[in-house]
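K.L.:
I would like to see how this sequence folds:
(chains A and B)
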There are 2 protein chains.
Amino acid sequence: MEYQYIKNPTTIENRSFEIITEELGEKNNRFDEKTGKVVKRVIHTTADFQYADLMEFHPKAIEMGITALKEGCNIYADTQMVYSGINKKRLSGLGGYVCNFVHDPEVAKEAKVRGITRSMISIEKAMADESIRIYAIGNAPTALFNLIEMINEGMQKPNLVIGVPVGFVGAVESKEALTKLEVPYIVTRGRKGGSGVAAAIVNALLYMI
Amino acid sequence: MEYQYIKNPTTIENRSFEIITEELGEKNNRFDEKTGKVVKRVIHTTADFQYADLMEFHPKAIEMGITALKEGCNIYADTQMVYSGINKKRLSGLGGYVCNFVHDPEVAKEAKVRGITRSMISIEKAMADESIRIYAIGNAPTALFNLIEMINEGMQKPNLVIGVPVGFVGAVESKEALTKLEVPYIVTRGRKGGSGVAAAIVNALLYMI
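P.N.:
Here you go, the predicted structure:
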């Protein structure tokens, strides 16, 4: 049996975005051109139209993110999955790379000693590096809380925090806390989010450059 | 400002599964113990309870998957994100590893020449390797269609196909086609799915061993 299906990746992607735009209907009007591109890429990644209602952008988020990327900034990713999902070829073309320290053996050791998550230790390490100006947190609310605390304590202020941790314990609260800071953010309200969503947001910014 | 939140990863995970079980309510009765564990881990990864309605298991899927894992089989992952999401420490403890050829330069070259997706070429390469007995397809419907065609043509029959591509072009149809084969499968009906979902299903099986 022979199956009929579209095999060309560009055709698949273009057709997908057409369908998303069609089905968003009047909700397309909620977004300007750039935020619309981000929202649609998240829906493309999840097939979940609820993200049109859940995504919230600080007014300077996209501009600040794009500026930092153009200047060759590095990106912190809270998990290996976020790392994998980001288009590193595009990013390296701009001079940046993605950092993630969760699998660093020293980080694992310190997390065990202090009895807190590896992602928390990892983010402390990232905040000490000023070349990292965009944070993409797709998994761990603890990482986002820790980042917020360090920003509050007057450590470096990122250009953009993509705060989209997923889950049932702390995810909602950590995103709520992020939106109260004086820092450009992109969040998904509620429990939803995840590594794929975080990577999709970064890629949407990269594809606008 | 000091935020109050749970920092211990085991406590976070246990509490998350308690909440999921509570909120699933009567839907818990739809699943036996093992399928329930898989469904809950997918909800844990996505915060999307719709998966309780979308997931469908071939009657032998979990048993065949666990048997293959215990025997040290290798797993094919269709993207780097699926690769990253799978607990490779657990898998290697059983003697297996995860394969993914999408970023193989030869695969990219052949895809360009033949004008089809890299994931299709990559899956052809995997089917030639009999140590790969579980396929986890989280992203590309083209990969799943190609796998189905090769199974139909009498190439090796995997122990388990996790067919959860996400999207708007071909995802629904590819999963529908998979469920018509004589091969153990786990699918998410409809458009939803993704790399995180594929990895969560593999990990749920690994954690049952």
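K.L.:
same for the longest helix that chain A contains, what does it pack against?
P.N.:
For chain A, the longest helix by residue count, based on DSSP state H, is helix A:9-24. Contact analysis of helix A:9-24 by 3 or more CB pairs under 8 Å, 6 or more residues apart in numbering or on different chains; DSSP states H and E lists helix A:33-46 as its packing neighbours. Using the backbone N, CA and C atoms, a C-beta is placed for each residue, glycine as well.
K.L.:
so which other helices or strands are in contact with the helix it packs on?
P.N.:
Contact partners of helix A:33-46 among helices and strands, from 3+ CB pairs under 8 Å, 6+ apart: helix A:9-24, helix A:51-54, strand A:55-57, helix A:61-70, helix A:195-207.
K.L.:
ok, and which of these has the densest surroundings?
P.N.:
Burial among the helices and strands packed on helix A:33-46, expressed as mean neighbours by mean count of other CB atoms under 10 Å in any protein chain shown, is greatest for helix A:195-207, which shows a mean of 26.
K.L.:
quick one, that helix and helix A:61-70 angle?
P.N.:
What separates the directions of helix A:195-207 and helix A:61-70 is an angle of 70 degrees, with axes from the mean of the first three to the mean of the last three CA atoms, to 10 degrees.
K.L.:
off-centre distance for the strand or helix carrying residue A:144?
P.N.:
Here residue A:144, judged by DSSP states H and E, is contained in helix A:141-152. Distance of helix A:141-152 from its chain centroid, counting by CA atoms, centre = their mean, to the nearest Å, is 15 Å.
K.L.:
before we move on, what about stretch A:19-39?
P.N.:
Between the mean C-alpha point of stretch A:19-39 and the mean C-alpha point of its chain there is a distance of 19 Å (CA atoms, centre = their mean).
K.L.:
now render the helices and strands packed on helix A:33-46 as a markdown table, adding mean pLDDT.
P.N.:
Rendered in a markdown table, the data for the helices and strands packed on helix A:33-46 read as follows (pLDDT from 0 to 100):
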| stretch | mean pLDDT |
| --- | --- |
| helix A:9-24 | 94 |
| helix A:51-54 | 98 |
| strand A:55-57 | 98 |
| helix A:61-70 | 98 |
| helix A:195-207 | 98 |
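K.L.:
contacts for the helix holding residue A:144?
P.N.:
Surrounding helix A:141-152, the residues in contact under the criterion CB atoms under 8 Å, 6 or more residues apart in numbering or on different chains are A:78, A:116-117, A:119-120, A:122-124, A:127, A:135, A:137, A:157-158, A:161, A:163, A:165, A:167, A:169-171, A:173-175, A:177-178, A:181, A:183, B:1-3, B:5-7, B:9, B:12.
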